[in-house]
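# starting from these lines, generate the structure:
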Amino acid sequence: MTRPLRIGNASGFYGDRFDAVREMLTGGPLDVLTGDYLAELTMLILGRSRLKDPGRGYASTFLRQLEENLGLAHERGVKIVANAGGLNPAGLADAVRELADKAGVPVRVAHVEGDSRPVPDGFLTANAYLGGAGIAACLRAGADIVVTGRVTDAALVTGPAAAHFGWGDEDHDALAGAVVAGHVLECGTQATGGNYAFFGDHDIRRPGFPLAEIHEDGSSVITKHDGTGGVVDLGTVTAQLLYETGGARYAGPDVTARLDTVRLTQDGPDRVRISGVRGEAPPPTLKVGLNRIGGWRNEVVFVLTGLDIEAKAQLVRDQFADALARGGRRPAEVRWELARTDRADAASEETASALLRLVVRDPDAEAVGRAVSGAAVELALGSYPGFHVTAPPGKGAPYGVFEAAYVPAEEVGHVAVLPDGEREDVPPAVRSRALEAVEEPGLPEPLPSGPTRSAPLGRVAGARSGDKGGDANVGVWVRSEDAWRWLAHELTVARFQELLPETAGLTVVRHVLPNLRALNFVVHGLLGEGVAAQARFDPQAKAVGEWLRSRRLPVPVALLEEPEVTA
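Have a look, this model is predicted:
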């Protein structure tokens, strides 16, 4: 039996806690340290960076972290795997070698490439999501550091695990278990109490980063270094499992993991065991992320204070429309949103004020530039009483659009560039299986009828939400069997849309995950053209779950009074 592999995470996004690499290397034993630096928005940012300097296009923060910690990782025998290569993994690998030579640290560096696809006209980047097989090839060849471009977030875990245990691409269950562990680790401290619905139950002022003890059969234990902050329990792991997922089949280039087979058990303080995960052959296609500049955007936030808030807001709208009409440069899209942050008879000016937000978009920079900022500024002395804005209007800025496409896996040239420079082609999986929805599972017996009380959903349920392109997902879970019997029948798609009116005209799909006592809702089109387009107040849908939890509905009194169940 091969010993378990301890894989840690030190970055959930480009800009995460800088000193996490050192914390993870010094906090306890590790075999592999991973870092996830890429997101849909990050690829757009790196694309614009590469336009200015073709030699860049990678996450420079990773280099600065290595500069401080490369010797430490080498001394402790910890291998480092990161997708910080972004659009230029070869360039980052060269920079790491140069850094190692200057520091006198004898490390072997490899990289994975092949994700870059032909960029269609009008687009800035096009990258396929690769799996972990290239990472595994680099590690088997003796690499100490592996940097990649666009791989799936879970590939940072499946690759090292496959190399350590000798898994092949037919070891679907083991690979699926590693995918689930990788999905829990990928967002860093979201697995240890960060962004957690029940944050008041624990001290999460500085949560530690997570790690997984992965076993040969693909099962794992999610934990963290002793003495670090935060918590690892059934709730924190469930929340992260639901984050940015859809149906029960969680597809990737290595394997399709069945989220409806995941079983979680508390394995001691700050230890949650993941077992029972079943896997299937991956789909025959790979996802390709496409980024382009969608146009130009500008924003002005007017502050409305005291009395007659609605009338003041209408005055601004009317005056602004008139100014744009006189100027003859009305932007293609003009959106107003009034946030009633004001309170009656407030004790401070700030709490007496509401915010009126104007967002404009247009393919032409001029249409959102001086035409908009000038119209806003010129209202200063001739509009509502107390006129002011949160910041001086600017000239506008470009915004991005993310789109997804799919290509046959065999058309993507996945290549592992080994430490000695040899290039090893990585073939796609031998077998594939077209993705299809699972049969809807049966629901538990409904909770017997009894007295109810109007209460926020969050008094019973946790939630976590996120984005995938223009879609949002909202995962909702409960912590007891009785609460599950109620939630599964109460929170239908119709009730979800009633509670969140912004979703009423959109397609919402509900997925049932009984093992997790969870429902996952996918809201198609809520985010327009994706996060970079900033189409709404919360462009990544990070807080949609908390909005849902704040909404009131009739809740059985027995659930409001029942003790918390954590195991």
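
# hmm, residue 262 is touching residue 517, no?
No - the criterion here is C-beta atoms under 8 Å, and residue 262 misses it with residue 517 at 11.7 Å. Glycine gets a C-beta too; all of them are placed from N, C-alpha and C.

# under the pLDDT cut-off, which ranges of the protein? List them.
Filtered on pLDDT under 70, the chain yields the residue ranges 562-567.

# recalculate using a threshold of 90.
Regions of the chain meeting the criterion pLDDT under 90 cover residues 1, 39-41, 44, 48-55, 326-330, 370-371, 392-396, 468-469, 528-539, 561-567.

# quick check: longest helix of it.
Determined from DSSP state H, the single longest helix within the chain is helix 309-327.

# can you dump the C-alpha atoms of that one in CSV for me?
The C-alpha trace of helix 309-327 is given here as CSV (Å, rounded to 0.1, in the frame of the first residue of the first chain):
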residue,chain,number,x,y,z
ILE,A,309,-35.1,59.9,-2.2
GLU,A,310,-37.3,58.5,-5.0
ALA,A,311,-38.0,62.0,-6.4
LYS,A,312,-34.4,63.0,-6.3
ALA,A,313,-33.4,59.8,-8.2
GLN,A,314,-36.0,60.5,-10.8
LEU,A,315,-34.8,64.1,-11.3
VAL,A,316,-31.2,62.8,-11.9
ARG,A,317,-32.5,60.3,-14.5
ASP,A,318,-34.5,62.9,-16.3
GLN,A,319,-31.7,65.5,-16.3
PHE,A,320,-29.2,62.9,-17.5
ALA,A,321,-31.4,61.7,-20.3
ASP,A,322,-31.9,65.2,-21.5
ALA,A,323,-28.2,66.0,-21.4
LEU,A,324,-27.4,62.9,-23.4
ALA,A,325,-30.1,63.7,-25.9
ARG,A,326,-28.8,67.3,-26.4
GLY,A,327,-25.3,65.9,-26.8
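
# that one - contacts with which helices or strands?
strand 285-305, strand 333-339, strand 353-362, helix 370-377 (3 or more C-beta pairs under 8 Å, 6 or more residues apart in numbering; DSSP states H and E).

# so which elements touch the second one?
Meaning strand 333-339. helix 309-327, strand 353-362.

# the first one now?
Counting contacts by 3+ C-beta pairs under 8 Å, 6+ apart, strand 285-305 is packed against helix 40-52, strand 125-128, helix 309-327, strand 353-362, helix 365-368, helix 370-377, strand 388-389, strand 397-408.

# show me where the stretch 51-200 of the chain has helices.
Ranges of helices within the stretch 51-200 of the chain are 60-76, 89-103, 133-140, 155-165, 172-185, based on DSSP state H, counting those that start in this stretch.

# ok, and the closest non-adjacent residue to residue 263?
Distances taken as C-beta to C-beta, 6 or more residues apart in numbering place residue 276 nearest to residue 263, at 4.1 Å, with adjacent residues excluded.

# just checking, that neighbour touches residue 262?
Yes - the pair formed by residue 276 and residue 262 meets the contact definition of C-beta under 8 Å, at 6.6 Å.

# and stretch 81-101, what's buried?
By neighbour count on 16 or more other C-beta atoms under 10 Å, the buried set for stretch 81-101 is 81-89, 91-93, 95-96, 99-100.

# for that stretch, list the C-alpha coordinates in PDB.
C-alpha atoms of stretch 81-101 as PDB (Å, rounded to 0.1, in the frame of the first residue of the first chain):
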ATOM      1  CA  VAL A  81       2.700  22.700  -8.700                       C
ATOM      2  CA  ALA A  82       1.000  25.900  -9.900                       C
ATOM      3  CA  ASN A  83      -1.000  27.100 -12.900                       C
ATOM      4  CA  ALA A  84       0.600  30.500 -12.600                       C
ATOM      5  CA  GLY A  85       2.000  30.100 -16.100                       C
ATOM      6  CA  GLY A  86      -1.300  31.600 -17.400                       C
ATOM      7  CA  LEU A  87      -0.700  32.500 -21.100                       C
ATOM      8  CA  ASN A  88       3.000  31.900 -21.000                       C
ATOM      9  CA  PRO A  89       4.000  28.800 -19.000                       C
ATOM     10  CA  ALA A  90       7.300  28.400 -20.900                       C
ATOM     11  CA  GLY A  91       8.200  32.000 -20.000                       C
ATOM     12  CA  LEU A  92       7.500  31.400 -16.300                       C
ATOM     13  CA  ALA A  93       9.500  28.200 -16.300                       C
ATOM     14  CA  ASP A  94      12.500  30.000 -17.700                       C
ATOM     15  CA  ALA A  95      12.000  32.800 -15.100                       C
ATOM     16  CA  VAL A  96      11.900  30.200 -12.300                       C
ATOM     17  CA  ARG A  97      15.100  28.500 -13.600                       C
ATOM     18  CA  GLU A  98      16.800  31.900 -13.600                       C
ATOM     19  CA  LEU A  99      15.600  32.600 -10.100                       C
ATOM     20  CA  ALA A 100      16.900  29.200  -8.900                       C
ATOM     21  CA  ASP A 101      20.300  29.700 -10.500                       C
END
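
# related to what we said a few turns ago, list the contacts of the longest helix of the chain.
302, 304, 330-331, 334, 336, 338, 340, 342, 354, 356, 358, 371-372, 374-376, 378-379, 382-385 (C-beta atoms under 8 Å, 6 or more residues apart in numbering).

# and those residues, which of them are buried?
Among the contacts of helix 309-327, the ones that count as buried by 16+ other C-beta under 10 Å are 302, 304, 330-331, 334, 338, 342, 354, 356, 358, 371-372, 375-376, 379, 383-384.

# residue contacts, residue 284?
By C-beta under 8 Å, 6+ apart, residue 284 lies in contact with 408-409, 432-434.

# how far away is it from residue 544?
32 Å (C-beta to C-beta, to the nearest Å).

# what's across from the closest residue in space to residue 333 that isn't next to it in sequence in the sheet?
Of all residues not flanking residue 333 in the chain, residue 361 sits nearest, at 4.2 Å (C-beta to C-beta, 6+ apart). Residue 361 forms beta bridges with residue 297, residue 333, as assigned by DSSP bridges.

# if I look at residue 361, how far off is residue 72?
For residue 361 relative to residue 72 (C-beta to C-beta), the value is 47 Å.

# over to residue 21?
Applying C-beta to C-beta to residue 21 and residue 72 gives a distance of 9 Å.

# cool, and residue 94?
In terms of C-beta to C-beta, residue 94 sits 22 Å off from residue 72.

# list the contacts of the nearest residue to residue 188 once chain neighbours are set aside.
In space, and not counting its chain neighbours, residue 188 is closest to residue 12: 3.1 Å by C-beta to C-beta, 6+ apart. Residue 12 sits next to 36, 186-190 when contact means C-beta under 8 Å, 6+ apart.

# for residue 435, same thing?
Contacts of residue 435 (C-beta under 8 Å, 6+ apart): 249, 251, 256, 283.

# and which of these is nearest residue 395?
Closest approach between the contacts of residue 435 and residue 395, by C-beta to C-beta: residue 251, at 42.5 Å.

# go ahead and confirm that closest one touches residue 285.
No - assessed by C-beta under 8 Å, residue 251 is found out of contact with residue 285, at 9.3 Å.

# show me the common contact partners of those two, please.
Joint contacts of residue 251 and residue 285 (C-beta under 8 Å, 6+ apart) do not exist.

# ok, residue 198 - how many residues close by?
16 (other C-beta atoms under 10 Å).

# please report how far it lies from residue 478.
11 Å.

# mutual contacts of those two, please.
residue 462.

# for stretch 20-30, which outside residues touch it?
Against stretch 20-30 from outside (C-beta under 8 Å, 6+ apart): 6-11, 33, 35, 65-66, 68-69, 72-73, 76, 78, 188, 208-209, 211, 225-228.
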